[in-house]
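**Q** What follows is a predicted structure for the sequence shown.
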Amino acid sequence: MEEYPWSMLVTTFLLTLNMWLASKVSQARLTTSGVSSSHSPEIYRQRDFMRVFRNHANFHEHLMVFLPIFWIFGFCYSDVLATAIGLLFLIGRIMYARNYPENHRVGFMISLASFLILLLGVALKAIYIITKNILF
């Protein structure tokens, strides 16, 4: 793993953001007014809680598909290139989280673009390797 220190750092930042957003959900669960128990299903009817909850859930959903392709890209190309694209994803997700649910589109587009770049890069590398092995 010594060849991938920057990717490890980006991964750490992303997981830290995930934990921070999770802590906001816990905080919202405790401070949501009008609900007798923070673990009651009634909490999902609270608009303020759901905003925080969905913000974290959206990040978590994207993180689970981003991390594998991020690491595969780093292995296929370079730690530094994967890191640059990973930082774009991180910046996009921070912008998304700060502006959710209003005006989160720019952050979403930045993170989506970085994901698609990684995905395309890995797909092209796989096609190249398969083609090279078949033809030669």
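**A** Yes, it's here.
**Q** and the residue nearest to Tyr4 when sequence neighbours are not counted, how many residues sit next to it?
**A** Among residues not flanking Tyr4 along the chain, Asp79 sits closest, at 4.7 Å (C-beta to C-beta, 6 or more residues apart in numbering). The way it works is simple: take the backbone N, C-alpha and C, and place the C-beta from them, glycine included. Asp79: 19 surrounding residues under other C-beta atoms under 10 Å.
**Q** any idea how far Thr32 is from Arg45?
**A** Using C-beta to C-beta, to the nearest Å, Arg45 is found at 10 Å from Thr32.
**Q** who has more neighbours, these two?
**A** Under the neighbour definition other C-beta under 10 Å, Arg45 and Thr32 were set side by side, and Thr32 has more, 20 against 12.
**Q** That one reaches Arg51, doesn't it?
**A** No. With contacts defined as C-beta atoms under 8 Å, Thr32 does not count as touching Arg51, sitting 10.7 Å away.
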